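[1] Sequence below, structure please.
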Amino acid sequence: MQLPFDATRAKPWEIWESIALARIIASVQQGKTTPLVVGSSSLLLHGVQGWTSNPNVELYQPQRRTSQLIPPCRCGTISVPAALRVYRRTPPITSERTQVSGMLTEHPYDALIRCAMHDDVLQAFTLGCSALHKWSGFSNFSQDVCRGRAEVIREKLLSRLEREGGRRGCVRARRILTTIDPGCSNPAEAALTWVVRTLCPYEVSTQYELSVGGRRFFADIAIPHTKFIIEFDGIEKLGSTQGEFDRAKRSWLQREQALQDQGWRFLRVNWIDFNDWDVLRGRISSAIEVAAKPIPARFALLWEPPSERCDGEGRRFRSNEWYGSDVSWT
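    All right, here's what the predicted structure looks like:
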């Protein structure tokens, strides 16, 4: 495969994504007939990424077929584990089809509903947030308009879901689709929002606007009732050099201090924290300091420990491959 960038300078997640796309292309081109790309593979072709960095290739095939192994591969110093070519027998909800670079896919709305019905909640929730973010053209500076567009899309998704009647997975899909948030700009922010929502009885806001020294600031996740902010520190936010990291750290600390003077509390999370979900949930639960108020069932029931197929060693690259353990705010 000819990668669309310099492999020696590419970031690991760019290589993993390119390999995932190459596997879809190869799977479509190898057959005598053009298969229908469905589920997370359809969404990936449409530029929507979920939590799983090394996803299986999903194709619609009404006749029973055995899953096939797609071998591991290497790009420079980056190794991508094996995946599977999986054949789904459940037909798309509608007859609508789309084409991406000559490849036929189920409609992206149908693909997202399929994932919400059958995939891990973590994968489905992050896909849903990423989809709403992209499809609504979300911008921090025109949130009302963008969130309005997102609600129109949500209603269309729920209307399509109704066509499935009482089939297995419909209840969980409705729970996921009614709680996904367009304010999450990447899968990590979406995953963090998912964890927070399952633990918090109060309103949770993404991209919450604040003012610091006359300047606008958007918090990744805020719980206004308790004046609590949770920030995800991705490597893109911190920069790629020590100098950029030092400058970013100084800026964040200054802003944090100004907001703390206004009564806000902070919790910072990075990729390493996602390596242990129990510890992460414990930190967040303790930091929220909620009273004995019940968590709404539709949020509490969202929690489900990620499975090996979603978050296992071969399903996503681990943070220690690229995010040094010395990168810390402590």
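[2] Once you drop chain neighbours, what's closest to Ala131?
    Sequence neighbours aside, Val48 is the residue nearest to Ala131 in space, at 4.8 Å (criterion: Cβ to Cβ, 6 or more residues apart in numbering). Placement of C-beta: from N, CA and C, glycine included.
[3] confidence score at the closest residue in space to Pro305 that isn't next to it in sequence?
    Here the nearest residue to Pro305 in space, its sequence neighbours aside, is Trp277; by Cβ to Cβ, 6+ apart that works out to 6.5 Å. Listed pLDDT for Trp277 reads 97.
[4] If you count neighbours, what's buried in stretch 273-291?
    Asp273, Phe274, Trp277, Leu280, Arg281, Arg283, Ile284, Ala287, Ile288, Val290 (16 or more other Cβ atoms under 10 Å).
[5] Helices - which of those residues land there?
    Of these, the ones assigned to helices by DSSP state H are Trp277, Leu280, Arg281, Arg283, Ile284, Ala287, Ile288.
[6] With distance to Gly165 as added columns, please give those in TSV.
    Formatted as TSV, those follow (distance: Cβ to Cβ, whole Å):
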residue	distance to Gly165
Trp277	33
Leu280	37
Arg281	34
Arg283	41
Ile284	36
Ala287	42
Ile288	38
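[7] Columns distance to Gly214 on top of the buried residues of stretch 273-291, output as a markdown table?
    Formatted as a markdown table, those follow (distance: Cβ to Cβ, whole Å):
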| residue | distance to Gly214 |
| --- | --- |
| Asp273 | 32 |
| Phe274 | 35 |
| Trp277 | 39 |
| Leu280 | 34 |
| Arg281 | 37 |
| Arg283 | 32 |
| Ile284 | 31 |
| Ala287 | 28 |
| Ile288 | 29 |
| Val290 | 32 |
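[8] Tell me the bridge partners for Val100.
    Met103 (DSSP bridges).
[9] What count of nearby residues applies to it?
    16 (other Cβ atoms under 10 Å).
[10] now Phe299, nearest residue through space, not along the chain?
    Closest to Phe299 by Cβ to Cβ, 6+ apart is Arg197, at 4.8 Å.
[11] so Tyr208, which of the three states?
    Using DSSP: H, G, I helix; E, B strand; the rest coil, the secondary structure recorded for Tyr208 is strand.
[12] Which helix or which strand is home to the closest residue to it other than its chain neighbours?
    With sequence-adjacent residues excluded and distances taken as Cβ to Cβ, 6+ apart, Tyr208 is closest to Ala222, at 3.5 Å. For Ala222, the element it lies in under DSSP states H and E is strand 215-223.
[13] Quickly run through the sheet partners of that strand, with directions.
    Counting by DSSP bridges, strand 215-223 is paired with strand 205-212 (antiparallel), strand 228-232 (antiparallel).
[14] Out of those, flag the one nearest Arg315.
    Smallest distance to Arg315 across these (Cβ to Cβ): 19.9 Å, for strand 228-232.
[15] I figured the residue nearest to Ala131 was touching Cys129, is that so?
    No - judged on Cβ atoms under 8 Å, Val48 makes no contact with Cys129 at a distance of 9.6 Å.
[16] Between those two, which is the more surrounded one?
    Between Val48 and Cys129, counting by other Cβ under 10 Å, Cys129 is the more crowded of the two (30 against 24).
[17] Nothing else from me, thank you.
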